Structure formats: structure tokens, C-alpha cells
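no sequence for this one, just the structure:
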């Protein structure tokens, strides 16, 4: 069977051994191989950065879905739909935290309540 090819925004073609061509959806960035950032000005910036990362993950999963569809990879579609559903929830959760931090406006009582609520979430491993 001859491999198919498709173009997706941001995709870079890579060649593996034999006649198989793969696509790297997200170009590898230097930030992927360096130490994580630790110089945030506060919780608002931490969660704004987290939201930006969640949005990038969502976009990458959607790119994978479009690529699977273009290539006719019907087996991957349900698999990716599960990821899209989960990622939508994650993005909404982080977005809600960003909104609540903005409402708290740095007030220590509001931040204490938000911290307590986030720490008590179902399924939270607790630290």
C-alpha cells in the first residue's frame, strides 16, 4: 500500500526508515528541551501561561484529527475524539481559574478560598 501524504499547518515532514513518511505536527522548540520556566510574577501569570499551553495542545490535537481525516485514517478518529473531549475540559478548567484569579484581584481572602477549592477537587492527587 502506497503511503498517503497531506499537508497540515505547522507540519514538517520527516522520513523514517523504508518508505514510511511521518509528519511532525509541532516543530520541536528549544523550550521543549530546556528547564521549565520558574520566574512568574504571580498566580495570574502562571495560569495564563498554562492556558496558553492548553490552547496549543488543543490546536495540535485538532491538527492530528484533520491529518487523520485527510489520510483516511478512520481508526484514529474515535481515539482522537476522546482526546479532543478531554482537552476541551482541561482548557475550560484552566480558563475558569484564570477568570476567578482576575475576579480575586489579588485579595488574600479570595485567593485562600480559591486555593482551598482547587485543592479539594475530585481526583486531585493532593500534594
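Nice, thanks for sending it over. All figures in this text were calculated on a predicted structure; none of them were measured in a lab.

the helices in the protein, which residues?
Secondary structure of the chain by DSSP state H: the helices cover 43-71, 76-104, 108-119.

and residue 111, what does it touch?
43, 101, 104 (CB atoms under 8 Å, 6 or more residues apart in numbering). Placement of C-beta: from N, CA and C, glycine included.

which one of the helices of the chain is the most hemmed in?
For the helices of the chain, the largest average neighbour count (mean count of other CB atoms under 10 Å) is found in helix 43-71, namely a mean of 16.

what does the model give residue 38 for pLDDT?
At residue 38, the pLDDT value in this model is 86.

could you check how far it is from residue 52?
Per CB to CB, to the nearest Å, residue 38 is found 16 Å from residue 52.

can you lay out the helices of the chain as CSV showing mean pLDDT?
Below are those laid out as CSV (pLDDT from 0 to 100):
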stretch, mean pLDDT
helix 43-71, 93
helix 76-104, 95
helix 108-119, 92
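
before we move on, the earlier item: which one of the contacts of residue 111 is nearest residue 71?
Distance to residue 71, by CB to CB, is smallest for residue 101 among the contacts of residue 111, at 40.9 Å.

leaving aside the residues next to it on the chain, what's closest to that closest one?
Excluding its sequence neighbours, the residue lying closest to residue 101 (CB to CB, 6 or more residues apart in numbering) is residue 44, at 4.9 Å.

so that neighbour makes contact with residue 100?
No. Judged on CB atoms under 8 Å, residue 44 makes no contact with residue 100 at a distance of 10.3 Å.

from residue 84, how far out is the residue nearest the centre of the chain?
Taking CA atoms, centre = their mean as the criterion, residue 57 is the residue nearest the geometric centre of the chain, at 2.5 Å. When distance is defined by CB to CB, residue 57 is 11 Å away from residue 84.

same deal with residue 50?
Using CB to CB, residue 50 is found at 19 Å from residue 84.

same check, this time on residue 93
Per CB to CB, residue 93 is found 15 Å from residue 84.

now do the same contact list for the spatially closest residue to residue 54 that is not a sequence neighbour.
In space, and not counting its chain neighbours, residue 54 is closest to residue 91: 4.5 Å by CB to CB, 6+ apart. The neighbourhood of residue 91, defined by CB under 8 Å, 6+ apart, consists of 51, 54, 55, 58.

done for today, thanks.
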